[in-house]
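Got a predicted structure here, sequence first:
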Amino acid sequence: MQHSPAMVRADMALAAAELLERLRARAPRVHCITNGVAQNFTANVLLAAGCLPSMTVSVEEIGAFAASANALLVNLGTLDAERRAAIAIAVQRASSAPWVLDPVFVDRSSLRADFARELIARQPSVMRLNHAEFSALAAAAPARPAVAAYARENAIVLGLSGETDLVTDGARAADIANGHALMAKVTAMGCAASALVAACLAVEPDAFLATAAALIIIGVAGELAAAKAQGPGSFAVAILDALHNLDGPTLIARAKAC
Amino acid sequence: MQHSPAMVRADMALAAAELLERLRARAPRVHCITNGVAQNFTANVLLAAGCLPSMTVSVEEIGAFAASANALLVNLGTLDAERRAAIAIAVQRASSAPWVLDPVFVDRSSLRADFARELIARQPSVMRLNHAEFSALAAAAPARPAVAAYARENAIVLGLSGETDLVTDGARAADIANGHALMAKVTAMGCAASALVAACLAVEPDAFLATAAALIIIGVAGELAAAKAQGPGSFAVAILDALHNLDGPTLIARAKAC
Amino acid sequence: MQHSPAMVRADMALAAAELLERLRARAPRVHCITNGVAQNFTANVLLAAGCLPSMTVSVEEIGAFAASANALLVNLGTLDAERRAAIAIAVQRASSAPWVLDPVFVDRSSLRADFARELIARQPSVMRLNHAEFSALAAAAPARPAVAAYARENAIVLGLSGETDLVTDGARAADIANGHALMAKVTAMGCAASALVAACLAVEPDAFLATAAALIIIGVAGELAAAKAQGPGSFAVAILDALHNLDGPTLIARAKAC
């Protein structure tokens, strides 16, 4: 059955509002193996959304943290030997919990792209990435049919960021037009968005819906923040305030998903 | 001799005001072995309070940094092999300087709890921790008599955070009711508070008084920040401004210690 | 030929305005091997100035990142074994790209000072440092003739920060009086300034001019930020906004170089 764009839009907006409520009610534990640049901002984004972040990358401890987390983020930024080993352990231990892959900068390092491909074979629920990163992994331009085909072949939900974000599991697709240009001027904004996808996966089993909801939530927060900001510094502050203060009706009113 | 609650409150408020003056006059060097999430915010909190932070965790260099520091913070967040080795060296080198232990997330990792116990045996002046962390270490609920007993048995000052903070050396106890709920919504706020305890230890030999003063200082700064904040993002910014601008009369007027 | 101070001042101000335009037009890739405290703020400063930062320190990946970068920053803060190895690889790979050395805290660790001397022998274009760091490396007080002599002997441009910044290649010298006292109250501000020097080197082959321009740009942004700030927290936010919004006429009007 085909949904009309208008119907899908209302579905998505409602789902985003409901998922935000669930995040605050359940306060899921989200463990993030992420890069040193992004750790602090990512933790603050998760706290502002009502979650409990943890961030260790130690190989000795990662198993215990991953096993007690409700969702896991694997971000390949500032990848090093310890992070690679920690990721391998965490992905195994988190086998009952959903996980998100953010293949940061795979277009700048073939070693990192190879490692990302190994991880994709281990079945993350979602991969959130940008156009250059998709092209590096899929060896194809990020055109709509190629993205859907890649999602199907790898049995993964893709959240492809761009001027409009594309979310697809190969069968379903949603375009999320929320967000603001200043989001690209704050480091780790994409990494934090991926962490929020992981958080939504902790409270919503449909990975397609969880991904779309997370991107709507961060996008609407970005729009609200931009209305108060004088530049990227005050924007990064205001988006944390906006996430913390966000409510369902605002999400429903502002969601641009089709 | 027993102090009446009212007397203690005035003592503590005055001590906090005096210690803040000393921090600014002496600008103590505070070396922090702390987690990657907390490093930046902790350094900014220490700078705002008038101190000179340093943050290296390299095993080759930690000895020189610890030996030239006036106080040391050992925070177990994002613990890894290098941090463990660095901590062992630092604690030895800092034998003449006071140090604070912050056993972050020992309730999530038994390995980390074991390491924390080894460190407690090496006699930190102060341990600052939350209820879950206390329970994990002491194998007891954080009831008042159990906390005091643990402090006495380990010859340590405890700063137990909660809705009201409890500071005790086993003989004396103070309840600090300053602070704001938004402090729990900013990552590394507790880590930064522990660093401020270390800073106060650098200028005050009575570890009980230093701990209470540090928690009053950060708590009052949090209240002033909350009055200006729209959420956790602007709160984290405003607390740095508040610390930088804080003066003795404001501390004395607002301290809630008994 | 000797420039009159007034002539030099106008040259520098114009150069700063032109370089800022070039940064925004070319968006150079600036790879930073920098400390964990500084990574996030440094990335945000580079983004605010229009550049594309990357930050990995992994020995496996650093070669690819350095080879595709337009300029490189080597900052010795939180130095560890992996960073040392990464620096060695990066400096070799970046042989065609200019690089900046920031010898953070060499006055606190002789091991770090030795490593800095090895790196100076490998010919960075610029070294940006403070008075204590200069004294530790040059074994001389940072008096003007000693600084110029050191620059000549090492065939390096020096950017010596202080109340007034001194930029010299041994033959030419400029004093930059822009900036604000709050810059010393925000951690990683100097590290970020060094990253901005690297960014300017990516678009200007004259390292003396690039260094002076970068210090004018960050200094003017600091003055604009201070006018809006209530303390170091809001200052750190406002300087990112100011960098993002900065324009050539403002730079020309406010530059204090002689």
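Right, received. Where do you want to start?

where exactly do the helices run in chain A?
Applying DSSP state H to chain A gives helices spanning A:5-26, A:39-48, A:62-67, A:81-93, A:110-121, A:131-138, A:144-154, A:189-203, A:207-226, A:232-245, A:248-254.

Quick check: which of those is buried the most?
For the helices of chain A, the largest average neighbour count (mean count of other CB atoms under 10 Å in any protein chain shown) is found in helix A:189-203, namely a mean of 29. The C-beta positions use only the backbone N, C-alpha and C, and glycine is treated the same way.

Now that one: average pLDDT?
For helix A:189-203, mean pLDDT rounds to 97.

now swap in stretch A:73-82 and tell me
88.

In it, which residues are buried?
A:Leu73, A:Val74, A:Asn75, A:Leu76, A:Gly77, A:Thr78, A:Leu79, A:Asp80, A:Glu82 (16 or more other CB atoms under 10 Å in any protein chain shown).

Among the residues you listed, which one sits closest to C:Lys185?
C:Lys185 has its nearest neighbour among the buried residues of stretch A:73-82 in A:Thr78, at 27.2 Å by CB to CB.

State the distance from that closest one to A:Met183.
According to CB to CB, to the nearest Å, A:Thr78 and A:Met183 sit 20 Å apart.

follow-up on the earlier one: considering the helices of chain A, which stretch scores lowest in mean pLDDT?
When I compare the helices of chain A, helix A:5-26 is least confident, with a mean of 86.

who's in contact with A:Ile216?
A:Met12, A:Ala13, A:Ala16, A:Ile176, A:Asn178, A:Leu251, A:Ala255, A:Ala257 (CB atoms under 8 Å, 6 or more residues apart in numbering or on different chains).

So which bits of the stretch 101-250 of chain A are right by chain C?
A:105, A:108-112, A:185-188, A:229-234, A:236-237 (CB under 8 Å from any CB of the partner chain).

near chain B, which residues of the stretch 51-200 of chain A show up?
For the stretch 51-200 of chain A, the residues in contact with chain B (CB under 8 Å from any CB) are A:53-61, A:64-65, A:68, A:82.

Can you lay out those residues as TSV showing distance to chain C?
As requested, these are exported to TSV (distance: CB to the nearest CB, whole Å):
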residue	distance to chain C
A:Pro53	15
A:Ser54	17
A:Met55	12
A:Thr56	14
A:Val57	12
A:Ser58	15
A:Val59	15
A:Glu60	18
A:Glu61	18
A:Ala64	23
A:Phe65	19
A:Ser68	25
A:Glu82	9
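
Of the residues you listed - the most surrounded one?
If you count neighbours using other CB atoms under 10 Å in any protein chain shown, the busiest of those is A:Thr56, which has 29 neighbours.

quick revisit: so which of the helices of chain A is nearest B:Arg122?
helix A:62-67 (23.8 Å).

In terms of secondary structure, what does the closest one contact?
Helix A:62-67 sits against strand A:29-33, helix A:81-93, with contacts defined as 3 or more CB pairs under 8 Å, 6 or more residues apart in numbering or on different chains; DSSP states H and E.

follow-up on the earlier one: quick one: which of the residues of the stretch 51-200 of chain A next to chain B is nearest B:Thr168?
For these, the nearest to B:Thr168 is A:Ser54 (28.3 Å; CB to CB).

Spatially nearest residue to that closest one (excluding sequence neighbours)?
Nearest non-adjacent residue to A:Ser54, counting by CB to CB, 6 or more residues apart in numbering or on different chains: A:His31, 4.9 Å away.

Run a quick check on the one you found versus A:Ala90, I expect a contact.
Yes: the criterion here is CB atoms under 8 Å, and A:His31 meets it with A:Ala90 at 7.1 Å.

Overlap of the contact sets of the two?
With contacts taken as CB under 8 Å, 6+ apart, A:His31 and A:Ala90 have A:Phe65, A:Ala66, A:Leu72 as neighbours in common.

Going by distance to chain B, which of those residues wins?
Of all the shared contacts of A:His31 and A:Ala90, chain B sits closest to A:Phe65, with 5.9 Å by CB to the nearest CB.

my read: that closest one touches A:Ser54, true?
Yes: A:Phe65 lies in contact with A:Ser54 (CB under 8 Å); the separation is 5.4 Å.

Which single residue in the stretch 51-200 of chain A comes nearest to chain B?
A:Ser58 (4.0 Å).

Rebuild the shared contacts of A:His31 and A:Ala90 as JSON lines, extending it with distance to B:Leu166.
What follows is those, written out as JSON lines (distance: CB to CB, whole Å):
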{"residue": "A:Phe65", "distance to B:Leu166": "28"}
{"residue": "A:Ala66", "distance to B:Leu166": "33"}
{"residue": "A:Leu72", "distance to B:Leu166": "35"}
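
between those, which is closest to B:Gly222?
For those, the nearest to B:Gly222 is A:Phe65 (27.9 Å; CB to CB).

Could you report the separation of that closest one from B:Leu101?
A:Phe65 is 20 Å from B:Leu101, by CB to CB.

Contacts only, for A:Gly233.
C:Asn44, C:Ala48, C:Ala236, C:Val237, C:Ala238, C:Ile239, C:Leu240, C:Asp241, C:His244.

ok, now which ones touch the third one?
Pointing back at C:Ala236 there. A:Gly233, B:Asn44, B:Val237, B:Leu240, C:Phe41, C:Val186, C:Met189.

Nearest residue to the first one in space, please, no chain neighbours.
Once flanking residues are discounted, A:Gly233 sits nearest to C:Leu240: 2.9 Å by CB to CB, 6+ apart.

Also the last one?
Ranked by CB to CB, 6+ apart and with sequence neighbours excluded, the top spatial neighbour of C:Met189 is C:Met183, at 4.8 Å.
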